[in-house]
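Engineer: For reference, the sequence and a predicted model appear below.
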Amino acid sequence: MDLVIRGRNVVLPDAIGARSIHVRDGVIASVRDYDDFDGDCELIEAEENSVVMPGLVDTHVHVNSPGRTEWEGFQSATAAAAAGGTTTLIDMPLNSIPATTTLAAFRTKLDEASGKCFIDVGFWGGVVPGNTRELAPMLEAGVVGFKCFLVPSGVDEFQHVTEDDLREAMPELARLDALLIVHAELPGPIDCCSPTGSSSDYQTFLDSRPRAAENEAVELMVRLSREFGTRVHIVHLSSSDAIGTLREARADGVAISAETCPHYLHFVAEDVPSRATEFKCCPPIRERANREGLWDGLAEGTIDMIVSDHSPCPVEMKLRESGDFFAAWGGISSLQLRLPVVWTEAQRRGYSFQDLATWLCQNPARQVNLESRKGSIAVGHDADLVIWDPHREFTVKAAALRHRNKITPYEGEQLTGVVQKTFLRGKKIYDDGQLTPQSMGLMLV
Ligand SMILES: [Zn+2]
């Protein structure tokens, strides 16, 4: 053995208990009783009350590089991720320039990311109008699946698709057995509402992105998934109204899954201050009752996972002077905070460490076909682990986060759960505030 990591609260797929995890060549060689190790290698002991969990998998991260590296970048993103207990992230195909919508652009992205990452990184490709012929080559080259938008994405390089575009792309995706992940808001219900309040008032912004836009988009995707047999995943579900549609479709055999994000599970619209554009994202953070509906969707398993949708920008683009919710960039920074935000809310509602591992590790790994390597503490898996203290509270100081741009709505929030150590393939990459100097993250292609 190279290393044994042991603790009193080790979260396994089917149990939680005192175990010793034996690591050889970066892989979990065996999981044994707590006292069962030969003493012939390095031993790392978690504190009595700490939890040992699989390294987190975050399948929704906008790294924005190349092209908008000043928004984030692979070095800063993966450093923040490692400090937050995340050992695998999947980069979104937009906000970088070029967007990852062609094979050539994907190669550019790989060149940019290689050698810079503290954790393992995979990539989504994009479906945009007219790029159907690029899908097979991109999949062959290693993207994990494809994202599309049903409304304008916010950047010109990544055009949204109409139903006609989807009717062209979805048969090809079905043929390739590739997953289509969808920003599910439709333009119709957004275009036809014209809220009249002040643009620096959060309620005005919320009124401009009605639940109907999401609900109808989910209905459309259920219909198309059923028609073409394409596997579909709804990203950042905010409207809890759509959960019933998803539940019925799944019961009926439609291959559709869904994620939600920490901000929809933590914040509520009623408490967002005027001009606080750091809370802006699309779809928006909704009302308190909606938040509880999303938790119910997780509990019943209709919502499969919680991923960050980390989508940063330079501070200036949040327009803090004017506080104009309509003109400010939409996107919330939270890559480093996913574990404590979700745990803070989950423990209040009586959920377990195993629920947490299902939502933050196992199901995201399965979404991108990494479940044989990532997301579980199991023999043969990469020794990607996080040791964290589920009792310790802290106050978020945005300036101390490793995200390149420090603006986040979590500033000043009191959260529970502190990441102590992160291991990537058996190597300690983060230890009580210190990051390893070398970038040993692999490209998952
Ligand atoms: Zn996103």
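Structural biologist: Received, thanks.
Engineer: For stretch 147-154, give me every contacting residue.
Structural biologist: 92-94, 124-128, 158-161, 165-166, 169, 180-187, 190, 213, 217, 220, 235, 282, 329-330 (C-beta atoms under 8 Å, 6 or more residues apart in numbering). Heads up, the C-betas are built off the backbone N, CA and C, glycines and all.
Engineer: Apply 7 Å and report the result again.
Structural biologist: If you take C-beta atoms under 7 Å, 6 or more residues apart in numbering as the criterion, stretch 147-154 is touched by 92-94, 124, 126-127, 158, 160-161, 180-187, 190, 217, 330.
Engineer: and those residues, which of them are in strands?
Structural biologist: G126, L180, I181, V182, H183 (DSSP state E).
Engineer: quick one: which of the residues you listed is nearest to I377?
Structural biologist: Closest approach between the ones in strands among the contacts of stretch 147-154 and I377, by C-beta to C-beta: I181, at 26.6 Å.
Engineer: contacting residues for the closest one?
Structural biologist: I181 makes contacts with W124, G145, K147, H233, V235, as judged by C-beta under 7 Å, 6+ apart.
Engineer: what bridges to it?
Structural biologist: In this entry, I181 is beta-bridged to K147, H233, by DSSP bridges.
Engineer: For the closest residue to R366 other than its chain neighbours, give me the pLDDT.
Structural biologist: Once flanking residues are discounted, R366 sits nearest to G375: 6.9 Å by C-beta to C-beta, 6 or more residues apart in numbering. G375 is assigned 98 on the pLDDT scale.
Engineer: so what's G375 up against?
Structural biologist: By C-beta under 7 Å, 6+ apart, the contact list for G375 reads P54, V57, C361, Q362, P364, A365, R366.
Engineer: Closest to D384 out of those?
Structural biologist: Here the nearest of the contacts of G375 to D384, counting by C-beta to C-beta, is P54; it sits at 6.4 Å.
Engineer: Check what pLDDT that closest one gets.
Structural biologist: Reported pLDDT for P54: 98.
Engineer: ditto for the one 10 residues further on
Structural biologist: Model confidence at N64, given as pLDDT, is 93.
Engineer: Count the neighbours of it for me.
Structural biologist: Per other C-beta atoms under 10 Å, the neighbour tally for N64 reads 27.
Engineer: before we move on, the earlier item: please convert the contacts of G375 to CSV, extending it with distance to T277 and secondary structure.
Structural biologist: Below are the contacts of G375 laid out as CSV (distance: C-beta to C-beta, whole Å; DSSP: H, G, I helix; E, B strand; the rest coil):
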residue, distance to T277, secondary structure
P54, 35, strand
V57, 29, strand
C361, 32, helix
Q362, 34, helix
P364, 28, helix
A365, 33, helix
R366, 35, helix
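Engineer: Not counting its own residues, what contacts the helix or strand hosting V31?
Structural biologist: Element membership for V31 (DSSP states H and E) is strand 27-33. Here strand 27-33 makes contact (C-beta under 7 Å, 6+ apart) with 1, 12, 19-23, 377-383.
Engineer: Quick one: mean pLDDT for the next helix or strand after that strand?
Structural biologist: Next helix or strand after strand 27-33 toward the C-terminus (DSSP H and E): strand 42-45. Strand 42-45 carries an average pLDDT of 96.
Engineer: Dump strand 42-45 to CSV, keeping only the CA atoms.
Structural biologist: Output of strand 42-45 as CSV, limited to C-alpha atoms (Å, rounded to 0.1, in the frame of the first residue of the first chain):
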residue,chain,number,x,y,z
GLU,A,42,1.7,6.4,5.6
LEU,A,43,-1.5,6.7,7.7
ILE,A,44,-3.8,9.7,7.6
GLU,A,45,-6.3,9.8,10.3
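Engineer: Just the buried residues of it, please?
Structural biologist: Across strand 42-45, burial judged by 16 or more other C-beta atoms under 10 Å covers I44.
Engineer: which strands and helices sit next to that strand?
Structural biologist: On a contact count with 3 or more C-beta pairs under 7 Å, 6 or more residues apart in numbering; DSSP states H and E, strand 42-45 meets strand 3-11.
Engineer: what is the rounded mean pLDDT of the one helix or strand T204 maps to?
Structural biologist: Using DSSP H and E, T204 maps to helix 202-208. The average pLDDT within helix 202-208 is 96.
Engineer: same deal with stretch 323-330?
Structural biologist: Computed over stretch 323-330, the mean pLDDT rounds to 94.
Engineer: Name the residues that touch it?
Structural biologist: Residues from elsewhere that reach stretch 323-330 (C-beta under 7 Å, 6+ apart): 154, 199-200, 202, 204-205, 274-275, 277, 280-282, 313, 317-319.
Engineer: Would you mind measuring from the residue nearest to R366 to P437?
Structural biologist: Between G375 and P437 the computed distance is 27 Å (C-beta to C-beta, to the nearest Å).
Engineer: nearest to I119, of the contacts of stretch 323-330?
Structural biologist: Checking the contacts of stretch 323-330 one by one against I119 (C-beta to C-beta), the nearest turns out to be C313, at 22.1 Å.
Engineer: Would you check that the closest one makes contact with W71?
Structural biologist: Yes - at 5.2 Å, C313 counts as touching W71 under the criterion of C-beta atoms under 7 Å.
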